[in-house]
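Novice: quick one, what's the 3D model for this:
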Amino acid sequence: MRDKTQVIQIDLMAGQTLPVYGRRGAVLHVASGEVLLAESPQWLGERMFAPHYRLRAGNVHVLDSAGWVALTALHASTLSARKLACVGAPTPLGQRVRRWLASRPGMALFARPGHG
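Specialist: Purely as a prediction, here's the structure:
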């Protein structure tokens with residue numbers, strides 16, 4: 001089983017957005033560049049509020065709650081992260097499901113990465 005506290009490195013090109021799922025306490029550190037972090041909407045009183053943060057090189061952000069966040073690079077950026085799950089990251093189960101879908105007539109379209 002993969003260590004869920006493993007540190008991963010994320011490289012983003014300028015303008016690239018990466019949706020990720022972060023557990024409560026997930027840590028993001030911007031090593032270089034500048035990133036806009038958009039957290040999932042939360043209730044604040046009777047209104048929805050979606051916190052956004054501009055993180056520059058050297059900044060660290062800790063997620064207060066679990067949920068989906070979007071990382072958008074304003075400039076080419078490198079981040080290190082702990083307790084994040086990158087969407088589309090290949091996993092053994094995901095690879096098996098893709099192979100199974102590719103072997104079924106009419107399902108090959110859904111076996112391509114980024115679909116489903």
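Novice: distance from the chain centre to stretch 28-37, please.
Specialist: 13 Å (C-alpha atoms, centre = their mean, to the nearest Å).
Novice: also stretch 53-67?
Specialist: 12 Å.
Novice: would you mind writing the CA trace of it as PDB?
Specialist: Extracted in PDB, the C-alpha atoms of stretch 53-67 (Å, rounded to 0.1, in the frame of the first residue of the first chain):
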ATOM      1  CA  TYR A  53      -5.300  31.900  -2.400                       C
ATOM      2  CA  ARG A  54      -2.400  33.300  -4.400                       C
ATOM      3  CA  LEU A  55       0.800  31.300  -3.400                       C
ATOM      4  CA  ARG A  56       4.200  32.500  -4.400                       C
ATOM      5  CA  ALA A  57       7.600  30.800  -4.300                       C
ATOM      6  CA  GLY A  58       8.300  29.800  -0.600                       C
ATOM      7  CA  ASN A  59       4.700  30.000   0.500                       C
ATOM      8  CA  VAL A  60       3.100  27.000   2.300                       C
ATOM      9  CA  HIS A  61      -0.600  26.300   2.600                       C
ATOM     10  CA  VAL A  62      -2.400  23.700   4.800                       C
ATOM     11  CA  LEU A  63      -5.900  22.600   3.900                       C
ATOM     12  CA  ASP A  64      -8.400  23.100   6.800                       C
ATOM     13  CA  SER A  65     -10.800  20.500   5.400                       C
ATOM     14  CA  ALA A  66     -10.800  17.600   2.900                       C
ATOM     15  CA  GLY A  67     -12.100  18.300  -0.600                       C
END
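Novice: pull out the buried residues from it.
Specialist: Buried residues in stretch 53-67, defined by neighbour count with 16 or more other C-beta atoms under 10 Å: Leu55, His61, Leu63. Heads up, the C-betas are built off the backbone N, CA and C, glycines and all.
Novice: what residues are bridge-paired with the second one?
Specialist: His61 has the following beta-bridge partners by DSSP bridges: Leu28.
Novice: all set, thanks.
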